[in-house]
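[1] Got a sequence here, can you model it:
(2 chains)
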Amino acid sequence: MTNNNFYENKSKISVLQIPVAEDRDEPKGFVYTHNDQMGIDLYRWDIRESSCPARHFDLIFVTGKNADEVDLSGLKKALNGVQSQHNGLIPVVGMFRRIDSGKAVTLLKDIFCDVRKMPRTAEKMAKYITLWLNYVNRNMLGKLKRRQLKHWKEKNTLKESWLNKEIFNMQAQLFRIQHSIDSMEMWQRGRRLDRELKIAHSIQSILLPAKLPSFAGFDFDAVCLPAREVGGDFYDCCCIDENRLGFVIGDVATRGIPAALLMAGIRGMWRSLMLNAVNTCDIVSQINSLICDDLQNMWGMYITLFCGIVDRSDGTLMYTNAGHCYPVVYRKKTGCLEELKIGGQVVGIHPDITYEQATVQMNKKDMVIAYTDGITESHTGRSELFGKEKLYEIIKKNSRHSVKYIREIICREIDDFMGISEHHDDKALFLFKKLK
Amino acid sequence: MELTQSKTGSVTVLSIKGKINIETSPDLKREVLRIADSGVQKIYLDFSGVDFVNSSGLGSLINLLKELRKKDVAMVIINPSNFIKSLFTLTHLDEIFETYDSIEDALKTAE
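    The predicted structure follows:
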């Protein structure tokens, strides 16, 4: 049967059209129209709106914008009713404006005999209908199905092997470009941060006295080792007058940049207060009341301070300990260590704290060792602490040496103890010995 | 750090296991403030399993205490180790932290 024959015969053909998804526009339910020119009785059935139409059909069209919208299980359920009224199966064909080759294969492997692009003209539609009826009459629907399946499979393979490969390559390329941009930005940001940290490190080094003042009758030494580029441990000292030298050692209770910024502020306060100092407890009290306001909204920040004034006219050390690791006085005469505990709470918690001070007499060859908790709390991966006892032992064992030597030996012992473990905390040491 | 919340009668106990330091204190802060916001009047922090508190951890405990005071919630530390006790003494924070050797001691005092 040719296209022309089809028109000439005008044989009555009953077609059931099932629209899917977006194609289900008005009219709703079950609608019948007759195309006189093509000789087709067209029954349009919206499977959601009405029950199965009870009559004979030559073909079932499933139509829609996109083949992807076909819900196979819903369609099969609806068609079961129609098919059961016939002795033989009614051929189901699909016509869609867009067809994904993968979906076409799925449909053809199921109830569909053919899946095609929606024809744009009535002539083409007539050609299709003729073709389908031809296959039905010759009982060759299986062949049509196999032919179409082969066609869509080839398209799908081509799509997967070529297009997918292209898409994959493009995606990989895009990812590489994005990754390069990110890496470049990270690298630049890292470099900038690195540069700024190096500057911060230099500034912090300047804030620590490059050279300890020479103070006749006493020998001083100190070191500060931040765990990172910058840290919160610090020491400082300055001559108040010809007989008195003030010093401080402190620890800001956090690490890195926040600690360094706070340390710089505290050190500035201490300097300006110490130059006019009368006693140590007033200096610490004033620093505390000044810093408390600033720290109000800073989580977990406080400062431990040990502030001292050495007076060579009478060989005394006046001090105030604000929650700092107890510095020790090594007594040459007895070989004992005395902990310097008098003072008060750590700085920065409460503005109205009263601090105390104490004075100790220093005799010939007596030595004071002040340190931060990074020294005694140095710990290895096994969580073993360096500890106060080990520090005291080193001090006693090396007491006859210079403070510089003792400082070096403490640092070396800590390095040996730590081995390859990471240094977690900043460390500072401040030592002095009365020579005469 | 492991945090376990339990109830002993009407008392809320948060047991802490591990170290309190800069890495672990945010978790502790979050958990304590969550409990505080649940309507309790007192939080008991069980320190039996705490083996180390460094300066950052201590800072966090101070701020937690301050924060809880603002919310009218008391914070009590139970069974701190000798190391932690000496740390509180050294920093004079034993003057602000309420500490007890056992939950029973703490409850007796509360009565």
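
[2] mind listing what's buried in the host helix or strand of A:Glu123?
    Assigned by DSSP states H and E, A:Glu123 falls within helix A:122-137. Using 16 or more other CB atoms under 10 Å in any protein chain shown as the test for burial, helix A:122-137 gives A:125-126, A:128-133, A:135-136. Heads up, the C-betas are built off the backbone N, CA and C, glycines and all.

[3] where exactly do the helices run in the stretch 151-300 of chain A?
    Per DSSP state H, counting those that start in this stretch, the stretch 151-300 of chain A carries helices over the ranges A:164-207, A:256-274, A:280-295.

[4] Okay, and B:Glu31 sits in which element?
    helix B:25-37.

[5] Run through the neighbouring helices and strands of that helix.
    strand B:2-8, strand B:11-20, strand B:42-53, helix B:55-70 (3 or more CB pairs under 8 Å, 6 or more residues apart in numbering or on different chains; DSSP states H and E).

[6] mind putting those in a markdown table, mean pLDDT and distance to chain A included?
    Below are the helices and strands packed on helix B:25-37 laid out as a markdown table (pLDDT from 0 to 100; distance: least, CB to the nearest CB, whole Å):
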| stretch | mean pLDDT | distance to chain A |
| --- | --- | --- |
| strand B:2-8 | 87 | 16 |
| strand B:11-20 | 91 | 8 |
| strand B:42-53 | 92 | 7 |
| helix B:55-70 | 89 | 3 |
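
[7] Of all residues in chain B, which one is nearest the centre?
    Per CA atoms, centre = their mean, the C-alpha nearest to the average position across chain B is that of B:Leu45, at 3.5 Å.

[8] And it, how close does it get to B:Ile16?
    Distance of B:Leu45 to B:Ile16, computed by CB to CB, to the nearest Å: 6 Å.

[9] A:Asn398 is in contact with A:Ile409, correct?
    Yes - counting by CB atoms under 8 Å, A:Asn398 is a contact partner of A:Ile409 at 5.5 Å.

[10] quick one: the helix holding B:Glu31 to strand B:2-8, angle?
    For helix B:25-37 against strand B:2-8, the angle by axes from the mean of the first three to the mean of the last three CA atoms, to 10 degrees is 20 degrees.

[11] what about helix B:25-37, distance to the chain center?
    Counting by CA atoms, centre = their mean, to the nearest Å, helix B:25-37 is centred 10 Å from the centre of its parent chain.

[12] unless I'm mixing things up, A:Ile406 is touching A:Ile394, no?
    Yes - assessed by CB under 8 Å, A:Ile406 is found in contact with A:Ile394 at 7.5 Å.

[13] coming back round to it: you'd agree the residue nearest to the centre of chain B is up against B:Pro80?
    No - counting by CB under 8 Å, B:Pro80 is not a contact partner of B:Leu45; they are 9.1 Å apart.

[14] Which strand residues bridge the nearest residue to B:Gln5 once chain neighbours are set aside?
    Closest residue to B:Gln5 apart from its sequence neighbours, by CB to CB, 6 or more residues apart in numbering or on different chains: B:Leu14 at 5.4 Å. Applying DSSP bridges to B:Leu14 yields these beta-bridge partners: B:Gln5, B:Leu45.

[15] how many neighbours does B:Leu14 have?
    19 (other CB atoms under 10 Å in any protein chain shown).

[16] ok, which residues in chain A are in contact with chain B?
    A:251, A:253-255, A:299-302, A:304, A:323-326, A:343-346, A:349, A:373, A:377, A:379, A:383, A:424-425 (CB under 8 Å from any CB of the partner chain).

[17] So which of these are in helices?
    Among these, the ones falling in helices (DSSP state H) are A:Asp373.

[18] among the residues of chain A next to chain B, which ones are buried?
    A:251, A:253-255, A:299-302, A:304, A:323-326, A:343-346, A:349, A:373, A:377, A:379, A:424-425.

[19] Keep only those of the residues you listed that are in strands.
    A:251, A:304, A:343-344 (DSSP state E).

[20] could you dump those to a markdown table with pLDDT?
    Shown next, in a markdown table, are those (pLDDT from 0 to 100):
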| residue | pLDDT |
| --- | --- |
| A:Asp251 | 91 |
| A:Thr304 | 94 |
| A:Gly343 | 96 |
| A:Gly344 | 95 |
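
[21] which among these gets closest to A:Leu16?
    Closest to A:Leu16 out of those is A:Asp251 (87.1 Å), distances taken as CB to CB.

[22] show me what contacts that closest one?
    A:232-233, A:303-304, A:324-325, A:372-374, A:426, A:428, B:55 (CB atoms under 8 Å, 6 or more residues apart in numbering or on different chains).

[23] What is the burial count for the closest residue to it other than its chain neighbours?
    Computed as CB to CB, 6+ apart, the closest residue to A:Asp251 that is not its neighbour in sequence is A:Thr372, at 4.4 Å. Counted with other CB under 10 Å, residues neighbouring A:Thr372 total 29.

[24] Wait, A:Lys12 touches A:His56, no?
    No - judged on CB under 8 Å, A:Lys12 makes no contact with A:His56 at a distance of 10.6 Å.

[25] A:Met367 versus A:Gln173, what's the distance?
    69 Å.

[26] Counting neighbours, go ahead and name the busier of these two.
    A:Met367 (23 against 10).
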